[in-house]
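Engineer: Below is the sequence, then the predicted model.
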Amino acid sequence: MKSLFAMTAACLALATSAPVLAQDAGPDFTDPALVARGAVVANAGDCAACHRAVETHGAPYVGGYKIASPLGDIVAPNITPSKSAGIGGWSFADFDNAMRKGKRPDGANLYPAMPYTDYQGISTADMQALYAYFMHGVKPVDTKAAETHLPFPFGIRMLMGPWNWLFTSDKPFKATANLSPEAQRGQYLVETLGHCGSCHTPRNMLMAEKPSEALGGADLSGWHAPNITSDPISGIGGWSQADLVAYLRDGRAPGKGIAAGGMAEAVEHSLQHLPEADLVAIAAYLKASQPIRDPRDTRPAFGWTETRPVKLAAYEPGNGATEASYSDSSTTDGAFLYDGACASCHGMDGKGTKDHFYPPLVGSVTTGAVNPANLVMTILGGVDRESGVGHAFMPAFANQMTDEQIAAVANHVLQRFGRPDTLVTKDMVATARAGGGKPLLLKIMPWLMGLAAAVFAALSFFAIRRGQRRAARRTA
Ligand code: HEC
Ligand code: HEC
Ligand code: HEC
């Protein structure tokens, strides 16, 4: 209904002014310059990270890749210009509507795993370039991606209607007034195409981003996307602009940390391909963003730079080592596990190699954070990231160690090299292995299933109230 109103308004505008009509006919979507610009916009939009093939070397944008959501896997569809399997039959208006409103031409609602609440603010010029690229710059592939099946009641796409009503808006992107033009460009990239908030901003009970805590840090399938506001203790205020640009471009910033998990994907598929000026703009915006402080933080996560001695592992010479203790693979002695599995790369002293090819675990954001999620996930899943500076690879230990062993080696690393009051339990490792803590919405799902209808009614009620309030404001 909101869009109906907008359409009516647009038609009125068209009817009353001829020059606008000429502009609204849209650009020539086959124009090679526009298509080329669209490729750059698609990089900034990170479309390839999700709409990739399941197999590593499949054609770009054929989809099939599964995005883990707390409610189940959501499959990214084929968005090549294939008429049978992709979006080849879509008009610009269809595309625009899916990108901003999460609405498909057949009327079905998309799930917000597609970050349309962030893409909503993309400029018209960028949206046109994107459309030109997907229609005329991408090779059509006629293979349909698998369908998404979420458990009842979330499988009912109609339920997303009220959600979309509440959490999408018609407002164009508006930069904060007192920022430099560079930081404003950064804000545009962060808040729209870069959809940084879709990972870094905490969500409310209905899984919508909380605007008041923008970029304040959020849990994400076992990982924690850290606070990247300008706060010098809890956020990135202590990172230099050069640190931030290096991190976004290469996936590593010496003396700060490295990008694994979803951040490695953002670097690999999107950020490393951006023009340097855009990375500088993003860094400028992060450094000017509204700071958010976690009272548990006493120094920045990279500020735990001292190493602490611990008791030598029992197997070390002179400590009663026996032949059996050397070959005991069931040990839960963190020092023993560290020396055997980690020290060859990260060093006995945790200082890594001089060139940071093997990074230090002392003074790193991963070992100095109050939340050990990324330490646990890095040990479980390793690191596998391609960027301009080469292939960063650390083996995954998920199948080599039990939950108890991973907790033990993580605690050894924390005690010795990181923030010593952070503790990892074996239950935390088990939860991380299973894909992270579930948000409240899923914990209460059995209850919610019975009351799905009631929730639906309540949402509709609020949506109507919101509509009425808006209408009242408009007439006032
Ligand atoms: C974080 C992952 C993610 C990113 C990034 C992403 N998408 Fe999507 N997209 C999805 C998922 C998942 C769906 C399907 C959602 C559903 O089934 O409801 C989707 C659906 C779509 C659709 C609807 C297709 C259809 O057949 O229904 C279009 C069009 C689309 N995306 C375009 C894009 C473009 C263009 C970009 C980059 C600017 C992009 N997406 C970036 C995950 C993503
Ligand atoms: C798919 C989810 C995802 C997206 C999208 C994403 N991030 Fe991240 N980000 C993460 C995760 C997870 C980490 C932690 C990585 C690690 O420790 O290995 C992270 C780490 C970071 C860090 C390091 C902060 C620290 O203290 O360790 C910065 C800076 C950052 N992201 C900036 C951005 C910016 C800017 C964008 C948007 C252009 C963005 N991220 C988009 C998930 C994401
Ligand atoms: C074969 C070498 C190798 C081994 C063995 C290894 N790592 Fe790593 N580790 C790496 C590399 C390479 C990186 C990522 C470097 C990059 O991204 O540029 C890394 C990254 C890390 C990080 C992230 C550091 C940061 O600053 O964010 C942590 C934490 C870590 N490793 C812990 C461990 C632990 C604990 C073990 C043992 C259980 C271990 N590693 C074993 C090579 C190794």
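Structural biologist: Alright, I've got the coordinates. Ligands and ions are numbered 1, 2, ... in the order given.
Engineer: which parts of the stretch 101-250 of the chain sit against ligand 2?
Structural biologist: By CB under 6 Å from any ligand atom, the residues of the stretch 101-250 of the chain that approach ligand 2 are 190, 194-196, 198-200, 220, 223, 225-226, 228, 236, 244, 247. For the C-beta atoms, the positions are set from N, CA and C on the backbone; glycine is no exception.
Engineer: same for the biggest helix by length in the chain, what does it pack against?
Structural biologist: Secondary structure of the chain per DSSP state H: the longest helix is helix 452-475. For helix 452-475, the packing partners by 3 or more CB pairs under 8 Å, 6 or more residues apart in numbering; DSSP states H and E come out as helix 160-167.
Engineer: what angle separates the longest helix of the chain from helix 160-167?
Structural biologist: Angle, helix 452-475 to helix 160-167, by axes from the mean of the first three to the mean of the last three CA atoms, to 10 degrees: 40 degrees.
Engineer: got the CA positions of helix 452-475 in CSV?
Structural biologist: Extracted C-alpha coordinates of helix 452-475, given in CSV (Å, rounded to 0.1, in the frame of the first residue of the first chain):
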residue,chain,number,x,y,z
ALA,A,452,1.8,-17.9,15.1
ALA,A,453,-1.7,-16.7,14.2
ALA,A,454,-1.7,-14.4,17.2
VAL,A,455,1.7,-13.0,16.3
PHE,A,456,0.5,-12.4,12.8
ALA,A,457,-2.5,-10.6,14.0
ALA,A,458,-0.5,-8.4,16.4
LEU,A,459,2.0,-7.5,13.7
SER,A,460,-0.8,-6.5,11.4
PHE,A,461,-2.3,-4.4,14.1
PHE,A,462,0.9,-2.6,14.7
ALA,A,463,1.4,-2.2,10.9
ILE,A,464,-2.0,-0.6,10.5
ARG,A,465,-1.4,1.6,13.5
ARG,A,466,1.9,2.7,12.0
GLY,A,467,0.1,3.4,8.7
GLN,A,468,-2.5,5.4,10.5
ARG,A,469,0.1,7.4,12.5
ARG,A,470,1.9,8.2,9.2
ALA,A,471,-1.3,9.2,7.5
ALA,A,472,-2.2,11.4,10.5
ARG,A,473,1.3,13.0,10.4
ARG,A,474,0.9,13.6,6.6
THR,A,475,-2.5,15.4,7.1
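Engineer: Strands - which of the residues of the stretch 101-250 of the chain next to ligand 2 land there?
Structural biologist: Residues of those located in strands (DSSP state E): 220, 223, 225.
Engineer: The last one is in contact with residue 218, isn't it?
Structural biologist: This points to residue 225. Yes - look at residue 225 against residue 218 with CB atoms under 8 Å: they come within range, at 5.4 Å.
Engineer: Find residues that contact each of those two.
Structural biologist: In terms of CB atoms under 8 Å, 6 or more residues apart in numbering, residue 225 and residue 218 are both contacted by the residues 199-200.
Engineer: I'd say residue 201 and residue 212 touch.
Structural biologist: No - in this structure, residue 201 is not within contact of residue 212 by CB under 8 Å, at 9.7 Å.
Engineer: More neighbours: these two, which one.
Structural biologist: Taking neighbours as other CB atoms under 10 Å, residue 201 and residue 212 compare with residue 201 leading, 22 against 10.
Engineer: Distance check, the more buried one against ligand 2.
Structural biologist: Counting by CB to the nearest ligand atom, to the nearest Å, the separation of residue 201 from ligand 2 is 10 Å.
Engineer: Then residue 362?
Structural biologist: From residue 362 to ligand 2 the distance is 15 Å (CB to the nearest ligand atom).
Engineer: Three-state assignment for that residue, please.
Structural biologist: Secondary structure for residue 362, judged by DSSP: H, G, I helix; E, B strand; the rest coil, is coil.
Engineer: thought it was touching residue 417?
Structural biologist: Yes - with contact defined as CB under 8 Å, residue 362 counts as touching residue 417 (4.5 Å).
Engineer: Give the residues shared as contacts by these two.
Structural biologist: Contact criterion CB under 8 Å, 6+ apart; residues shared by residue 362 and residue 417: 304, 307, 350.
Engineer: Isn't the first one up against residue 366?
Structural biologist: No - under the criterion of CB under 8 Å, residue 304 lies out of contact with residue 366, with a separation of 10.7 Å.
Engineer: list residues touching both of these two?
Structural biologist: Contact criterion CB under 8 Å, 6+ apart; residues shared by residue 304 and residue 366: residue 418.
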